[in-house]
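[1] Everything below, folded, please.
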Amino acid sequence: MSLSDKVPQTHDQPESRQRFRAREAWHVMKIMSEFVESTEELSVVSPAVSIFGSARTPRDHPYYKLAETIARQLSDAGFSVISGGGPGIMEAANKGAFFGKSPSVGLNIVLPHEQKPNEYQDLNLKFSHFFSRKVMFVKHAIAYVVMPGGFGTLDEMFEAMTLVQTGKGRKIPIILVGTSFWQGLVDWFQTQLVTAGVISPEDMQLIQLIDDPDHIVAAIFQYYEARGFETLPEEHVRLLNL
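    You can find the predicted model right below:
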């Protein structure tokens, strides 16, 4: 049996298929332009720290205040702050950085129910695709700060952990903020994933639980104290292959 015998046949007219292929080719070009434009724009914001968390966190919530404080201290310490550009924790991160000394960056995603960019962004980029946006979060960040959040936050956290674990991305500090929120998940990693042998005990060192803003800034500086913030030659290669 040939491959053509296994592929379902459609009744589209050749003209329809050609139009669809043309649209696909144009779509690929749009994805390429998204990578090129965002890479050029973000090249000036190094060193930067990406902060993640729930879009649903209200402004009067302690996590919002904490994210704002962390971002302000990071900004004043010389780090640009990158967030998803929307409301909740993303807004808190941008707000703290906006009133600090370093740039506040928002990587906004275009959604069916449009996400309105928050007003605290020195640099506002728009993405149509989650995957290109996630690459920019990783490629241009020297650390991740992960606040409490939902599926989107977990997706971004696990993406970073997977890239570091597999060696596809450079090793960076991944700091979880909110011990009471994250501890159950971290314990599950240990009791289930490590015990089952699906991750190594050393993989637990990929993440840190830190709640104090001063200690978060100190942990990032300590990690880079010996090697500096510049991307190493071998890391350039990894980042090109994300």
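
[2] who touches the residue most central in space within the chain in this structure?
    With distances taken as Cα atoms, centre = their mean, the chain has Phe137 as the residue nearest its mean C-alpha position (3.8 Å). With contacts taken as Cβ atoms under 8 Å, 6 or more residues apart in numbering, Phe137 has the following neighbours: 50, 52, 82, 107, 156, 160. Where C-beta positions appear, they are placed from N, C-alpha and C, glycine not excepted.

[3] Go again with 10 Å.
    Going by Cβ atoms under 10 Å, 6 or more residues apart in numbering, Phe137 touches 42, 48, 50-52, 82-84, 107, 144, 156, 159-160.

[4] Kindly report the same for Ile216.
    49, 66, 69-70, 73-74, 143, 145, 173, 175, 177, 208, 210.

[5] and the helix or strand containing it, which residues are buried?
    Secondary-structure element containing Ile216, defined by DSSP states H and E: helix 213-224. Judged by neighbour count using 16 or more other Cβ atoms under 10 Å, the buried positions of helix 213-224 are 213, 216-217, 219-220, 223.

[6] Let's see which of the contacts of Ile216 end up in strands.
    Taking DSSP state E as the definition of strands, the contacts of Ile216 contribute 49, 143, 145, 175, 208.

[7] which of the residues you listed lies closest to Ala93?
    Closest to Ala93 out of the ones in strands among the contacts of Ile216 is Val145 (8.1 Å), distances taken as Cβ to Cβ.

[8] For that closest one, which residues are in contact?
    So, once contact is read as Cβ under 10 Å, 6+ apart, Val145 ends up touching 49-53, 67, 70-71, 74, 81, 83, 89, 93, 173-177, 210, 213, 216-217, 219-220.
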